[in-house]
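> Give me coordinates for this.
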Amino acid sequence: MLVQTSRFGEQEVETDKIIYIPGGIVGFPTETRYVLLTPPKPGPFLWLQSVGNASLAFLVVDSKDHFPEYRFSLTEEEYLSLELAPASEVISLLVVTMAPEPHEITVNLQGPIVLNVDRMLARQIVLDGTEFSVRHPFLEPSRKKSADSRKNF
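Down below sits the predicted model:
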């Protein structure tokens, strides 16, 4: 299947790689089919690209790669809606907000996108009443200092 993107042009995508998000992403409920794209220059970020809207894509990271201690629980309804089984492979994607300065880049820990990889079924979970922020720094303080020092060279 060909998917039009505003960033990477036309992309050939296998139909079994299409992610169905029945409720859409918060603020974009009518867009329900997405695909994960890796940018030409590999890095920590992926693009969650809408299949039906070339200009709609979200920059995301896999939480386990960048925030290994990040944990939350699903309600029974969320678990069932994702058609999870005890052995299901699950990925938690965090939406990234870019910024001019690396130390200002943030991720949304309060609204992860939980993906059942086996079923290619996802849902954005809104974690109410948690300590998680919608603008959590992407770079840890030690990584921030390192990024700031590299900027000067």
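> Remind me what the lengthiest strand in the chain packs against, helices and strands.
Counting residues, the longest strand found in the chain (DSSP state E) is strand 90-97. Under the contact criterion of 3 or more CB pairs under 8 Å, 6 or more residues apart in numbering; DSSP states H and E, strand 90-97 touches strand 46-50, strand 57-62, helix 63-66, strand 106-107, strand 113-116. Using the backbone N, CA and C atoms, a C-beta is placed for each residue, glycine as well.
> Distance to residue 124 and mean neighbour count added to the ones you listed, as CSV?
Shown next, in CSV, are the helices and strands packed on strand 90-97 (distance: least, CB to CB, whole Å; neighbours: other CB atoms under 10 Å):
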stretch, distance to residue 124, mean neighbour count
strand 46-50, 10, 22
strand 57-62, 10, 19
helix 63-66, 13, 15
strand 106-107, 14, 22
strand 113-116, 5, 22
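> what does stretch 79-92 contact?
Residues external to stretch 79-92 that are found in contact with it (CB atoms under 8 Å, 6 or more residues apart in numbering): 22, 62-64, 70, 74, 112-119, 121-123.
> what bits of the chain have low per-residue confidence?
By pLDDT under 70, the low-scoring segments of the chain are 141-153.
> Using neighbour counts, pick out the buried residues of the longest strand of the chain.
For strand 90-97, burial by neighbour count (16 or more other CB atoms under 10 Å) applies to 91-96.
> How about stretch 117-131?
120-125, 127.
> ok, now stretch 28-48?
Across stretch 28-48, burial judged by 16+ other CB under 10 Å covers 28, 32-37, 45-48.
> That one: end-to-end distance?
End-to-end span of stretch 28-48 (CA to CA, to the nearest Å): 13 Å.
> any residues touching that stretch, and which ones?
In contact with stretch 28-48 (CB under 8 Å, 6+ apart) are residues 3, 5, 7-8, 11, 13, 17-25, 49-53, 56-62, 65-66, 93, 95-96, 113, 122.
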